[in-house]
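# Kindly generate the corresponding structure for this input.
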Amino acid sequence: MTMKIHLFTLNASHAHSALAIRCLRQSLQAAGFDATLTEATLKDRTHAVLTRLYEKNADVYGFSCYIWNIEAMLAMAENLKALRPDCRIVLGGPEVSFDAERFTALPFVDSVLTGEGEDAIVTVARLVAAGEPLPAIIEGRPYADFTRPGIHYRADEEISNLVYYESSRGCPFSCAFCLSSATPGVRAKSAEDTLADLLLFEQFDKPLTVKLVDRTFNFDRERAKQIWRGLLSQRYTKCYHFEIAAHLLDEEAFDILSRFPAGKLRLEIGLQSTNKETLSAIARHTDAKAVLAAARRLTDMGNIHIHLDLIAGLPHEDYASFAKSFDDAYFCCNVLQLGFLKLLHGTALRRNAAAFGAVSEAKAPYTVLKTDCLSFPEAEKLHAISDLCERLRDSGRFGRTLQLLLPDFFTPFAFFEGFSDHLTRNTGRELQKISQRDLFVALSEFAKQKIPKQAHPALSEALRADFADAEVRKPPRSL
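So this is what the prediction gives:
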């Protein structure tokens with residue numbers, strides 16, 4: 001009887017189609033083993049997902065684990081093992097690759113694969129096929145065939161509108177908060193092979209966003225420019241998302257990027273902070289002013305969606321310093337993502353957490369709750385501001401109103417901080433429980449308390465126009 005290997009992961013939502021389990025499937029099949037896969041989401045009913053796994057009746061179940069799904073994955077694995085005690089449960093992925101002993105002690109886990117999984121999962125298959133026991137930990141080595149062409153997604157399987165592609169592994173930088181710093185060096189596919197791979201996504205008729213998971217796509221400037229030049233061709237019809245180091249862009253790169261049609265390219269830039277002491281403490285040796293200048297230049301082009309990242313809870317970054325970083329970055333991007341430091345196993349910041357007084361959640365995702373510079377109440381206030389920024393600015397539903405208010409009447413951080421406090425005082429409800437209609441009313445009330453009366457008519461006009469774009473109902477009388 002053929003040995004059955006089944007690969008499984010839980011995605012954050014139905015918008016994603018996982019890459020890792022597809023990489024493992026291809027590696028197993030290349031080695032002569034049959035492998036199937038299941039992907040579900042954290043929102044799916046647990047017993048429905050468990051039923052799907054149970055019905056596979058596999059000899060080996062491989063679980064792909066991340067900080068956002070680890071708790072649910074462990075619960076699923078434990079239940080599956082109870083239902084099928086003879087199966088082998090194997091965990092892999094970034095969350096289990098460091099301090100793996102946390103998981104080998106679990107009675108329902110047969111083996112933990114650390115590092116890159118393509119060779120390690122084949123080792124598992126061969127051992128099980130030979131009737132041999134699995135070691136508690138199998139250390140995955142760098143996959144030699146990573147640079148071979150291929151996208152791992154198949155035209156005959158259902159996928160979402162967001163897919164992932166990997167043209168390089170590793171990162172040239174050593175940021176203390178990032179797992180990429182744990183493995184030195186970068187391996188990359190050639191520009192020609194990358195372009196050939198990206199063309200394979202054209203076999204899917206649906207509109208796709210192809211997100212490259214490379215930690216620093218433009219680590220090799222000439223290679224990046226060659227790929228971008230290739231993507232200018234009308235043969236490439238998808239939307240492409242790259243994470244880049246903005247300070248590595250040169251004039252030729254800006255010229256190439258300026259020629260993309262609107263909507264075809266999305267660039268994500270990690271700023272993290274503009275505090276020099278903070279950047280030094282996390283081994284991020286870049287000039288924040290240069291990063292912001294490049295981001296602003298890209299944003300002003302108007303044809304590329306620019307996503308800028310900040311991280312709260314870093315060493316030496318207090319509330320006032322983060323507010324400055326927020327204001328420095330606000331007008332330099334289309335989306336300002338306020339992230340919160342997570343003390344990941346395997347990172348330097350986790351090892352040195354005591355040095356900056358960091359206290360984090362005991363379980364994944366290990367979000368920092370406080371530091372010696374940022375109190376817990378201040379951190380919670382930043383969470384509220386982050387949620388509000390996403391709801392007002394990143395949604396695009398309040399564009400005219402925000403353009404009127406910022407920066408003429410408020411600095412960006414002062415506005416979001418003040419409006420967040422206003423909502424807390426006057427509604428007593430969490431932001432997600434406030435309807436869109438009520439949010440428009442509350443914003444009108446808050447702004448009219450703060451800006452001169454002669455600006456009220458223009459404010460009401462902007463609010464009505466934004467409301468008309470966002471809602472099908474008539475605006476409230478107060479607008």
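# List the residues that contact the residue nearest to Ser111 when sequence neighbours are not counted.
Of all residues not flanking Ser111 in the chain, Leu134 sits nearest, at 4.1 Å (C-beta to C-beta, 6 or more residues apart in numbering). From N, CA and C alone the C-beta is placed, and that goes for glycine too. By C-beta atoms under 8 Å, 6 or more residues apart in numbering, the contact list for Leu134 reads 88, 90, 110-111, 124, 127-128.
# next one: Asn218
224, 242, 244-245, 248-249, 253.
# residue contacts, the nearest residue to Ser375 once chain neighbours are set aside?
Once flanking residues are discounted, Ser375 sits nearest to Tyr319: 7.9 Å by C-beta to C-beta, 6+ apart. By C-beta under 8 Å, 6+ apart, Tyr319 lies in contact with 374-375, 378, 381-382.
# got CSV for those, with distance to Lys189 too?
Converted to CSV, these look like this (distance: C-beta to C-beta, whole Å):
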residue, distance to Lys189
Leu374, 41
Ser375, 46
Glu378, 44
Lys381, 44
Leu382, 39
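# Drop anything exposed from those.
374, 378, 381-382 (16 or more other C-beta atoms under 10 Å).
# For the residues you listed, name the two members farthest from one another.
Leu374 and Lys381 (9.9 Å; C-beta to C-beta).
# which sections of the chain are below the confidence cut-off?
The chain contains residues with pLDDT under 70 at 1, 181.
# can I see the domain layout of it?
Here the domain parsing of the chain from automatic domain parsing is 5-144, 149-374, 395-479.
# any chance of those domains in JSON lines, plus distance to Cys389?
Listed next are those as JSON lines, based on distance: least, C-beta to C-beta, whole Å:
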{"stretch": "domain 5-144", "distance to Cys389": "20"}
{"stretch": "domain 149-374", "distance to Cys389": "6"}
{"stretch": "domain 395-479", "distance to Cys389": "6"}
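# Now for Val90: which residues touch it?
Contacts of Val90 were listed using C-beta under 8 Å, 6+ apart, and they are 60-63, 109-113, 121, 124, 134.
# State the pair within those residues that is farthest apart.
Greatest spatial distance among those (C-beta to C-beta): Val109 and Ile121, at 15.0 Å.
# List every C-alpha atom in the helix or strand Val122 falls within, with coordinates, as PDB.
Assigned by DSSP states H and E, Val122 falls within helix 118-129. The C-alpha coordinates for helix 118-129 follow below in PDB (Å, rounded to 0.1, in the frame of the first residue of the first chain):
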ATOM      1  CA  GLU A 118      12.300  20.400   1.500                       C
ATOM      2  CA  ASP A 119      15.100  17.900   2.300                       C
ATOM      3  CA  ALA A 120      13.900  17.300   5.900                       C
ATOM      4  CA  ILE A 121      10.400  16.200   4.800                       C
ATOM      5  CA  VAL A 122      11.900  13.700   2.300                       C
ATOM      6  CA  THR A 123      14.000  12.300   5.200                       C
ATOM      7  CA  VAL A 124      10.800  11.800   7.200                       C
ATOM      8  CA  ALA A 125       9.200  10.000   4.200                       C
ATOM      9  CA  ARG A 126      12.100   7.700   3.700                       C
ATOM     10  CA  LEU A 127      12.300   6.800   7.400                       C
ATOM     11  CA  VAL A 128       8.600   6.100   7.700                       C
ATOM     12  CA  ALA A 129       8.600   4.000   4.500                       C
END
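# Need the contact partners of it.
Outside helix 118-129, the residues touching it (C-beta under 8 Å, 6+ apart) are 3, 5, 23-24, 27-28, 31, 33, 59-60, 62, 88, 90, 92, 111, 113-114, 133-134, 138-141, 143-146.
# May I see the buried residues of it?
118-125, 127-128.
# do stretch 355-373 as well
356, 358-360, 364-371, 373.
# any chance of the residues you listed in a markdown table, plus secondary structure and distance to Leu388?
Formatted as a markdown table, the buried residues of stretch 355-373 follow (DSSP: H, G, I helix; E, B strand; the rest coil; distance: C-beta to C-beta, whole Å):
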| residue | secondary structure | distance to Leu388 |
| --- | --- | --- |
| Phe356 | helix | 27 |
| Ala358 | coil | 25 |
| Val359 | strand | 25 |
| Ser360 | strand | 24 |
| Ala364 | coil | 25 |
| Pro365 | coil | 21 |
| Tyr366 | coil | 24 |
| Thr367 | strand | 18 |
| Val368 | strand | 20 |
| Leu369 | strand | 20 |
| Lys370 | strand | 21 |
| Thr371 | coil | 22 |
| Cys373 | coil | 23 |
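# And these, which two are furthest apart?
Ala364 and Cys373 (24.0 Å).
# In a strand, Tyr240, correct?
Yes. Assigned with DSSP: H, G, I helix; E, B strand; the rest coil, Tyr240 falls within a strand.
# Grab the nearest non-local neighbour of it.
Using C-beta to C-beta, 6+ apart, the nearest residue to Tyr240 is Val210, at 5.3 Å.
# Surely Arg284 is in contact with Cys175?
Yes. With contact defined as C-beta atoms under 8 Å, Arg284 counts as touching Cys175 (5.3 Å).
# which residues are common contacts for the two?
With C-beta under 8 Å, 6+ apart as the test, Arg284 and Cys175 both reach Gln272.
# quick one: which of the buried residues of stretch 355-373 is nearest Leu231?
If you rank the buried residues of stretch 355-373 by distance to Leu231 using C-beta to C-beta, Pro365 comes first, at 33.0 Å.
# Enumerate every residue touching the closest one.
If you count contacts by C-beta under 8 Å, 6+ apart, then Pro365 has 67-68, 342 around it.
# One more: Thr41?
So Thr41 contacts 10-14, 16 (C-beta under 8 Å, 6+ apart).
# now the strands for the stretch 251-400 of the chain?
Under the criterion DSSP state E, counting those that start in this stretch, the stretch 251-400 of the chain contains strands at 265-272, 305-312, 335-340, 359-360, 368-370.
# where does the residue nearest to Ser111 land in three-state SS?
With three-state DSSP as the basis, Leu134 sits in coil.
# Could you check how far Glu95 is from Ala364?
When distance is defined by C-beta to C-beta, to the nearest Å, Glu95 is 6 Å away from Ala364.
# Give the residues shared as contacts by these two.
Joint contacts of Glu95 and Ala364 (C-beta under 8 Å, 6+ apart) are 67, 70.
# Show me which positions of stretch 273-292 end up buried.
273-275, 278-279, 281-282, 284, 286, 288, 291-292.
# Provide the contact partners of that stretch at residue level.
Contacts to stretch 273-292, defined as C-beta under 8 Å, 6+ apart, come from residues 173-177, 181, 245-247, 269, 271-272, 310-311, 314-317, 321-322, 324-325, 328-329, 332, 348-349, 356.
# which residues in the stretch 351-479 of the chain form helices?
Taking DSSP state H, counting those that start in this stretch as the test, the helices found in the stretch 351-479 of the chain are 376-389, 399-405, 412-427, 436-450, 456-470.
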